[in-house]
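Participant: Provide a 3D model corresponding to the input given below.
(chains A and B)
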Amino acid sequence: MGNQQTELDAIFHALGEPTRRAVVQRLVRGEASVSELASPFDMGLPAFMKHLGVLEAAGLITSTKTGRTRICRIQPATLSAAESWFEDQRIFWQARYKQLDDLLVALGGKNDET
Amino acid sequence: MKPDLKFRFLTDTTTHTLRIRREFAAGRALVWDCYTKSELLEKWFAPTPLVTKTTHMDFSEGGYWHYAMVDPEGTHYWGRMDYRAIEPVDRYSSVDSFTDETGTPNPDMPSADWDVTFEDAEIGTLVSTTVQYASAEDLQKVIDMGMEAGLASALENLDALLATLDSKGSAQ
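Facilitator: Coordinates of the predicted model:
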């Protein structure tokens, strides 16, 4: 429970920033080098590396160095912890609204009779 | 023919917000009633296998709905919806918080601001709901709470349930 809490906290902090979110979105499509990831952004490399550090600390991405190139990859298991909650919420609302449909049908039928 | 109810569920972690849009095949006044009268709210607010129980309802600005969602084991998840602004048949805003059985808000748990709007739509009524938490930390707390309460596991059988509801829906 304690670990779960820390993990989710870090995930939401990490994803609560547009640059980092864009990096995650890019990496979902496949691995990429740091320079490749940094190119769409108008910011210095040190600042960009800081963002990558936050994502790595949250367990959202991993990186490995091959020669002079650092390659980043998404860590799908971590991403799913937050996503599964949202999925639960989506199902919750969907189920709730199906019930409202049924209720509206029942109430509509009653109105027709009177 | 089964109407296209256009269910949309969007999450925004930057603003700690859930946005839910859904159309209903009924007039605005009737949909409004289902949101604002406790005897009707109880019939849909908690998805099966949970049921909703009301202990207090005063749908007016400054009033509140004190309710519980009860699981099949009898565990009560108490909550309270405080109504802030009401424009009948158009919109209302409220604050949803976790409470105990007396209705006292739990100071350790975050509340969420709800904004619900009702608009005429082709098939009836479009309801748009925004559920916003004050911070990412608040949203994370609610997520932990949901996991702790086992709500996620209680909903595991929902796919089967949804299939049942679907076949019921298309039978009309």
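Participant: Around residue 23, how many other residues sit close by?
Facilitator: Answering for chain A, as no chain was given. For residue A:23, the neighbour count with other CB atoms under 10 Å in any protein chain shown is 27. Using the backbone N, CA and C atoms, a C-beta is placed for each residue, glycine as well.
Participant: Correction: the question concerned chain B.
Facilitator: Around residue B:23 there are 21 residues (other CB under 10 Å).
Participant: ditto for the one 5 residues further on
Facilitator: Per other CB under 10 Å, the neighbour tally for residue B:28 reads 19.
Participant: And the one 5 residues further on, by the same measure?
Facilitator: Counted by other CB under 10 Å, the residues lying close to residue B:33 total 18.
Participant: That one touches residue B:39, doesn't it?
Facilitator: No: contact criterion CB atoms under 8 Å: residue B:33 and residue B:39 do not qualify, at 9.7 Å.
Participant: what's whichever helix in chain A runs longest packed up against?
Facilitator: What stands out as the longest helix in chain A, according to DSSP state H, is helix A:76-113. The helices and strands touching helix A:76-113, judged by 3 or more CB pairs under 8 Å, 6 or more residues apart in numbering or on different chains; DSSP states H and E, are helix A:2-15, strand B:8-12, strand B:17-24, helix B:28-36, helix B:136-148, helix B:151-154, helix B:158-171.
Participant: and the angle from that helix to strand B:8-12?
Facilitator: Angle between the axes of helix A:76-113 and strand B:8-12 is 140 degrees (criterion: axes from the mean of the first three to the mean of the last three CA atoms, to 10 degrees).
Participant: Is residue B:80 located within a helix, as I assumed?
Facilitator: No: going by DSSP: H, G, I helix; E, B strand; the rest coil, the assignment for residue B:80 is strand, not a helix.
Participant: which one is it nearest to, not counting chain neighbours?
Facilitator: Nearest non-adjacent residue to residue B:80, counting by CB to CB, 6 or more residues apart in numbering or on different chains: residue B:99, 4.6 Å away.
Participant: measure that neighbour to chain A for me?
Facilitator: Note on residue B:99: its distance to chain A, by CB to the nearest CB, to the nearest Å, is 19 Å.
Participant: now that residue, which residues is it bridged with?
Facilitator: On the basis of DSSP bridges, residue B:99 is bridged to residue B:105.
Participant: so what pLDDT did residue 61 get?
Facilitator: With no chain named, the answer covers chain A. With respect to pLDDT, residue A:61 scores 92.
Participant: I was after chain B.
Facilitator: Predicted confidence (pLDDT) for residue B:61: 98.
Participant: tell me the secondary structure for it?
Facilitator: Reduced to three states with three-state DSSP, the structure at residue B:61 is coil.
Participant: these two touch, right, it and residue B:86?
Facilitator: Yes: with contact defined as CB under 8 Å, residue B:61 reaches residue B:86; the gap is 5.4 Å.
Participant: Between the two, tell me which one has more neighbours.
Facilitator: Neighbour count, other CB under 10 Å: between residue B:61 and residue B:86, residue B:86 has more, with 17 against 13.
Participant: Nearest spatial neighbour of the residue positioned nearest the centre of chain B, chain-adjacent residues omitted?
Facilitator: With distances taken as CA atoms, centre = their mean, residue B:45 lies nearest the centre of chain B, 5.6 Å away. Nearest residue to residue B:45, sequence neighbours excluded (CB to CB, 6+ apart): residue B:52, at 4.6 Å.
Participant: my guess is that neighbour contacts residue B:68, does it?
Facilitator: Yes: assessed by CB under 8 Å, residue B:52 is found in contact with residue B:68 at 7.3 Å.
Participant: lowest confidence element among the helices and strands of chain A?
Facilitator: Taking mean pLDDT, DSSP states H and E as the measure, chain A has helix A:2-15 as its least confident helix or strand, at a mean of 65.
Participant: Excluding chain neighbours, give the residue nearest to residue B:72 in space.
Facilitator: Per CB to CB, 6+ apart, closest to residue B:72 is residue B:49, 5.0 Å.
Participant: Dihedrals phi and psi, that neighbour?
Facilitator: Residue B:49 adopts backbone torsions of phi -90, psi 10, taken as degrees, to the nearest 10.
Participant: Surely the residue nearest to residue B:80 is in contact with residue B:68?
Facilitator: No: counting by CB under 8 Å, residue B:99 does not reach residue B:68; the two are 9.1 Å apart.
Participant: Find residues that contact each of these two.
Facilitator: By the contact definition CB atoms under 8 Å, 6 or more residues apart in numbering or on different chains, residue B:99 and residue B:68 are jointly contacted by B:78-79.
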